[in-house]
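S.K.: Requesting a structural model of the entry that follows:
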Amino acid sequence: MPDSKTILHIEDNFDNRLLVRRILMASGYRVVEAENAYQARDMLAKVKPDLILMDINMPDVDGYALTQEIKSLPSLKNVPIVAITANVMKGDRERTLNAGCDGYIEKPIDVDKFIDQVEEHLG
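M.R.: Residues are numbered from 1 along each chain as shown. From the prediction side, this is the model:
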């Protein structure tokens with residue numbers, strides 16, 4: 001039942017956050033957001049999400065480093081992290097998965113497929 005699921009979306013771009021929030025909320029998910037690694041750390045101290053959607057290209061701390069940091073925490077190591085990224089060159093998917101992400105969604109997101117892609121990782 002989606003309404004019991006909380007998704008943390010870490011994304012520095014307001015328009016991208018807005019689009020993802022609208023899609024997820026329309027499907028009954030609870031959405032919490034962070035603009036950067038610092039806000040994400042604060043949010044993760046308060047909320048244990050069922051899924052994390054991670055932007056890879058962020059200022060200060062990128063999504064690769066933040067994913068590794070989150071996966072190193074015993075309380076969060078089993079929370080799936082799915083990269084949402086414009087990094088679509090050869091090798092980018094592998095680098096994302098090697099950093100600890102459990103999945104990979106390309107930007108721009110496909111609005112028609114997005115919920116199915118998210119639900120694939122919620123089990």
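S.K.: Centre of this protein to the edge, which residue is at the far end?
M.R.: residue 90 (21.1 Å; Cα atoms, centre = their mean).
S.K.: give me the element that residue is part of.
M.R.: Assigned by DSSP states H and E, residue 90 falls within no helix or strand.
S.K.: Quick check, pLDDT for residue 88.
M.R.: As predicted, residue 88 sits at a pLDDT of 80.
S.K.: which residue sits closest to it, ignoring its sequence neighbours?
M.R.: Spatial nearest neighbour of residue 88, chain neighbours left out: residue 106 (5.3 Å); criterion: Cβ to Cβ, 6 or more residues apart in numbering. To be clear about C-beta, it is placed using only N, CA and C from the backbone, and glycine gets the same treatment.
S.K.: now swap in residue 63 and tell me
M.R.: residue 56 (3.7 Å).
S.K.: Show me the shaky parts of this structure.
M.R.: 1-3 (pLDDT under 70).
S.K.: biggest helix in it, by residue count?
M.R.: Under DSSP state H, the helix in the chain containing the largest number of residues is helix 14-26.
S.K.: Could you list every helix and strand in contact with the next helix or strand after that helix?
M.R.: Sequence-wise, the next helix or strand downstream of helix 14-26 (DSSP H and E) is strand 30-34. Applying 3 or more Cβ pairs under 8 Å, 6 or more residues apart in numbering; DSSP states H and E, we find strand 30-34 packed against strand 6-10, helix 14-26, helix 37-46.
S.K.: Now do strand 30-34: distance to the chain's middle.
M.R.: From the chain centre to the centre of strand 30-34 is a distance of 10 Å (Cα atoms, centre = their mean, to the nearest Å).
S.K.: List the strands paired with it, with their directions.
M.R.: Partners of strand 30-34 in the sheet, by DSSP bridges, are strand 6-10 (parallel).
S.K.: Which of the residues in the partner strand are classified as buried?
M.R.: 7, 8, 9, 10 (16 or more other Cβ atoms under 10 Å).
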